Structures are given as C-alpha cells and as structure tokens.
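1. sequence first, then the predicted structure, then my questions.
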Amino acid sequence: MYEILLDLHNILRWVIVIALLYVLVKSWSAMNAKRAFTNGERKGALILLIAAHITLLIGLYQWIFGRFGLVQGLPEGTVLMKDKFYRFFWVEHPFGMVLAITLITMAYSRVKKGVAKPGLGGKVFWLLLIALIVIFFTIPWPWRVGIGRPIFPGVGM
Ligand code: HEM
C-alpha cells in the first residue's frame, strides 16, 4: 500500500510539472495579448490544482507516517538541521512544496476569474513562475547526492 502511494506521489510530480508548464505558457500569452483565459486553459489549471492537492495529501501522510516520517522519530544521535537527508525530507521538501501548492491554488482562483475578466494573465504568470522554481529546487531529482529518488517509479535508482 505504501509503495503504491509513493509511486503515485512520484508520477503525479510529472502531471504537475507538465500542467504547470502548460498554464505558465498560456498565462504568458494571456498577459501579452491582454486577453481572457479560455475554458480549455481553465481546465488545464484545474488538472494542475487537483494533481497538486492529491500530491499534498499523499505527501502529508508520508511526512507523518512514512517509513522515515515524523512518528518514527529521528535516529539516535541525528541532528535534524545538520543531517542532509532528514533536513530535506522533513523540512525543505514539505515546506517548499506547501508554498508551491499555495501559489498554485492562488493562481487557479485567478485563472477561474480570468475566463470572464481579461487582464489576470500577469498575476497567474508570476505566481506559477515562482511555484515552478520552488518545485524544481525541492524535488528529490535522481542526481541529487544523498536525497535523490527515481525519476519514475522503479527507474534510475
Ligand atoms: C508539488 C508537490 C510535490 C511534489 C512534486 C513531490 C515530489 C516528490 C517526489 C518525486 C518524491 C520521490 C518519490 C519516490 O521516491 O518515488 C517525493 C517523496 C516524498 N515527498 Fe513529496 N512532493 C510534493 C509534495 C510533498 C509534500 C507537500 C510533502 C509533505 C508534506 C511531501 C513529502 C514527501 C516525503 C516524506 C517523501 C519521501 C517518502 C518516502 O520515500 O517514503 N511531498 N516527493
């Protein structure tokens, strides 16, 4: 069961990254053309919102009850902020991602309004650009020494 949730958390990362890039490009075009968002773009932003919120729920579960979650406690002698692995999975990854998901949620409410009201492209663009940067830096990419995880379930590690 835990493996399934972990794989889902891993795969949803790609749904988030792809949907985020799509809405980011569309908000850039809406900003430059000073146009309203289309219904299709709203649906793209909704997919992003849903994927981000499911990932958040799974992540919270992993963070608290996971194989090295909060309830397991720190191994004997580990100092949280001095241990790269625990600092990443207990602090940097969860807090970075919660910030990014908050920005995605704020962006979605503006995309929704922006279907009827042109001029919200810029706000959405900047919110999502910051979210993308935060996500990019807080994903445990396989090449990150000591914290790297598979690029796709069962691939590359
Ligand atoms: C945009 C949101 C998020 C993305 C893209 C993301 C991405 C990832 C990825 C790719 C992994 C590695 C999965 C694997 O080993 O196959 C991971 C692991 C993990 N994530 Fe997230 N995550 C997000 C949000 C969160 C949040 C909000 C939390 C906690 C509150 C969280 C907690 C964790 C934990 C604890 C692990 C390690 C679980 C384990 O290996 O047992 N994640 N995350």
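-> Nice, I can see it.
2. leaving out chain neighbours, which residue sits closest to Ala107?
-> Once flanking residues are discounted, Ala107 sits nearest to Leu127: 4.2 Å by Cβ to Cβ, 6 or more residues apart in numbering. Every C-beta, even on glycine, is put in place using the N, C-alpha and C of the backbone.
3. mind listing residues that contact the helix or strand containing the one you found?
-> Per DSSP states H and E: Leu127 is located in helix 121-138. Contact with helix 121-138 is made by 16-17, 20-21, 23-24, 27-35, 37, 45, 92-93, 96-97, 99-101, 103-104, 106-107, 110-111, 114, as judged by Cβ atoms under 8 Å, 6 or more residues apart in numbering.
4. buried residues of stretch 32-48, list them for me.
-> 36-37, 41-42, 44-45, 48 (16 or more other Cβ atoms under 10 Å).
5. give me the residue from this structure nearest the ligand.
-> The chain approaches the ligand most closely through Gly59 (2.4 Å), counting by Cβ to the nearest ligand atom.
6. secondary structure class for the closest residue in space to Pro140 that isn't next to it in sequence?
-> Leaving aside its chain neighbours, Pro140 sits nearest to Arg149 (4.3 Å; criterion: Cβ to Cβ, 6+ apart). The three-state label given to Arg149 by DSSP: H, G, I helix; E, B strand; the rest coil is coil.
7. need the phi and psi values for Arg149.
-> When quoted as degrees, to the nearest 10, the phi and psi of Arg149 stand at phi -130, psi 170.
8. wait, isn't it in contact with His93?
-> No. Using Cβ atoms under 8 Å, Arg149 is not in contact with His93, being 10.1 Å away.
9. quickly list what's touching both of those two.
-> Here Arg149 and His93 have Pro140 as joint contacts, going by Cβ under 8 Å, 6+ apart.
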